[in-house]
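Q: just to be clear, the model below is a prediction. Sequence and coordinates:
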Amino acid sequence: MIWGVFFAGVTRVIIESQHVGIIVKVILYGAGAYVAMPSYGMLDELSIPPEQMTKHLMIQVVPSVAYIISSIVFAFWEEVMVHG
């Protein structure tokens, strides 16, 4: 989870510090989502033993979900703190 939250924070800091437009925001959020998945989607699923598949799915899904939730929270948090 820390991995996903960290990259959500980094993405938000970049967006806020650079004052980017909507197209670059979409690209940055997509890149952040890609980096938030520790295996980067480059692992051959067939090489994983069936008894380890649950652990593999957790390693893939938890950071990605943490990234998405954290990105939403950080975006709304910024709106609340800045605009009252």
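A: Nice, I can see it.

Q: C-alpha from now on. contacts and neighbour counts both.
A: Noted.

Q: other SSEs contacting the lowest-mean-pLDDT helix or strand in the chain?
A: Using mean pLDDT, DSSP states H and E, helix 53-83 stands out as the lowest-scoring helix or strand of the chain, at a mean of 86. The contact analysis (3 or more Cα pairs under 8 Å, 6 or more residues apart in numbering; DSSP states H and E) places helix 53-83 against helix 2-18, helix 22-36.

Q: in a markdown table, list the ones you listed along with distance to residue 78.
A: Shown next, in a markdown table, are these (distance: least, Cα to Cα, whole Å):
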| stretch | distance to residue 78 |
| --- | --- |
| helix 2-18 | 9 |
| helix 22-36 | 15 |
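
Q: any chance of the ones you listed in a markdown table, with distance to residue 57, mean pLDDT and mean neighbour count too?
A: Listed next are those as a markdown table, based on distance: least, Cα to Cα, whole Å; pLDDT from 0 to 100; neighbours: other Cα atoms under 10 Å:
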| stretch | distance to residue 57 | mean pLDDT | mean neighbour count |
| --- | --- | --- | --- |
| helix 2-18 | 15 | 93 | 17 |
| helix 22-36 | 14 | 93 | 16 |
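
Q: of those, which is nearest residue 70?
A: Judged by Cα to Cα, the one of the helices and strands packed on helix 53-83 that comes nearest to residue 70 is helix 2-18, at 5.7 Å.

Q: what angle sits between the closest one and helix 22-36?
A: Orientation check (axes from the mean of the first three to the mean of the last three Cα atoms, to 10 degrees): helix 2-18 against helix 22-36 gives 160 degrees.
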